[in-house]
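Peer 1: give the three-dimensional model of this entry:
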Amino acid sequence: MTRVTPMKPGTYQIASKFGLRGGGMHWGTDFAAVDGTKIYAAQAGRVEHIGSAQGFGQWIVIDHPVEAGAGATVYGHMWDAHATGLRQGDQVAADQHIAFVGNNGDSSGPHLHFEVHPSVWQPGTQLNPEAWLAEAVNPAEPPPSDQEPPTPTRPEPLSQEAMLRQIHELLTTPVPSRSIYRDNDQPVDIWRGMLLNIDGMAHEAYLEREALLGFEPAIAVVQRCAETNKDPQARQRAAFILSKIVDGSGSTGNGDGEVTRRPSSPRKAPAKKATKAAGRPRRSS
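Peer 2: Got it, this is the predicted structure:
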């Protein structure tokens, strides 16, 4: 059995230990470090959960078989849990680089929140990581190489036909949507993505603006997100937008994450502005 600390010595400071904190329970150990510092798997095992998690922003949960030391370990607050290419179901080795320190979710500064569970991940069963890591070794440095790094070779230029084939494939292959108002695994065709949803943010901002101005199709999209989106952060943000919509918009929120509908009141046509000529006194001749 190999057990290692989740970060290399000299790259972190313990910012908060396991135990009571601020009137509540802190269920792990916080390793404060520079944003982007490497995180390592504490034991060999299988990636059971990875991606968005409430409070953590993003997290990774690894289940460890008995022969590797048993239990489960949790790594939280990274910006992108998939940044190293890790996916759910992957097998990882102890000492394997799995993530980078972030400041995502309920976090006041860049750090790794590290938890240990005696069997599978289950809230309230956490063990004290300090005792669990008492005999752990530090992550190993990669062995030095005596060979000079190979000189990069420039690839042969593509023929015009091959280049056109690649361009066609890029433009016609659906890509996953990143908008919070759609399921993140729902494909969107590349042309629509280029026009409406380049990275999700522009599309969301447009919808929120139109909803706040009372545009009912946009309100319906935000309402649907608040009620059905799989991402709790997306639902919370959509509910917040709905809570800011003024009377006459078609729907409203109570500010607590619950959304209620009410019939829309007819909007009055905007009054015509008086022309400058009509407001000026006429000169007497």
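
Peer 1: can you give me the domain assignment for this protein?
Peer 2: Per automatic domain parsing, the domain ranges recorded for the chain read 12-132, 175-261.

Peer 1: residue boundaries of the strands in the stretch 51-200 of the chain?
Peer 2: With DSSP state E, counting those that start in this stretch as the criterion, the stretch 51-200 of the chain has strands at 57-63, 72-76, 91-92, 97-100, 111-117, 175-176, 187-188.

Peer 1: relative to V222, which of those strands is closest?
Peer 2: Across those, V222 has its closest neighbour in strand 187-188 (18.2 Å, C-beta to C-beta). Yep, even glycine has a C-beta here, placed from its N, CA and C like the rest.

Peer 1: what mean pLDDT does that closest one have?
Peer 2: Mean pLDDT, strand 187-188: 61.

Peer 1: what are the ranges of the helices in this structure?
Peer 2: 129-132, 160-172, 190-196, 201-212, 216-228, 232-243, 276-279 (DSSP state H).

Peer 1: and those helices: which comes nearest V47?
Peer 2: helix 129-132 (19.0 Å).

Peer 1: who are the packing partners of the closest one?
Peer 2: strand 111-117 (3 or more C-beta pairs under 8 Å, 6 or more residues apart in numbering; DSSP states H and E).

Peer 1: the strand it packs on vs strand 57-63, what angle?
Peer 2: 30 degrees (axes from the mean of the first three to the mean of the last three C-alpha atoms, to 10 degrees).

Peer 1: who touches strand 111-117?
Peer 2: 6-7, 12, 15, 27-33, 39, 42, 56, 71-78, 101, 103, 107, 125-129, 132 (C-beta atoms under 8 Å, 6 or more residues apart in numbering).

Peer 1: can you rerun that using 7 Å?
Peer 2: Strand 111-117 has contacts (C-beta atoms under 7 Å, 6 or more residues apart in numbering) with 6-7, 15, 27-33, 39, 56, 71-77, 101, 125-127, 129, 132.

Peer 1: coming back round to it: which of the domains of the chain is buried the deepest?
Peer 2: domain 12-132 (a mean of 18; mean count of other C-beta atoms under 10 Å).

Peer 1: ends of that domain, how far apart?
Peer 2: With C-alpha to C-alpha, to the nearest Å applied, domain 12-132 spans 18 Å between its terminal residues.

Peer 1: likewise for stretch 139-159?
Peer 2: Stretch 139-159 end-to-end distance (C-alpha to C-alpha) = 46 Å.

Peer 1: and A136, what does it touch?
Peer 2: R3, V4, T5, A42.

Peer 1: and those, which of them are in strands?
Peer 2: Judged by DSSP state E, strands contain none of the contacts of A136.

Peer 1: highest neighbour count among these?
Peer 2: A42 (28 neighbours; other C-beta atoms under 10 Å).

Peer 1: now the helices of the chain as CSV including distance to E67?
Peer 2: Formatted as CSV, the helices of the chain follow (distance: least, C-beta to C-beta, whole Å):
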stretch, distance to E67
helix 129-132, 17
helix 160-172, 44
helix 190-196, 45
helix 201-212, 45
helix 216-228, 42
helix 232-243, 36
helix 276-279, 85
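
Peer 1: which stretch in the ones you listed is the model least sure about?
Peer 2: Among those, helix 276-279 scores lowest, at a mean of 45.

Peer 1: low-confidence regions, the protein specifically.
Peer 2: Within the chain, the segments meeting pLDDT under 70 span 141-149, 174-203, 246-285.

Peer 1: repeat the analysis, applying 80 as the threshold.
Peer 2: Low-confidence segments of the chain, defined by pLDDT under 80: 1, 141-156, 169-206, 246-285.
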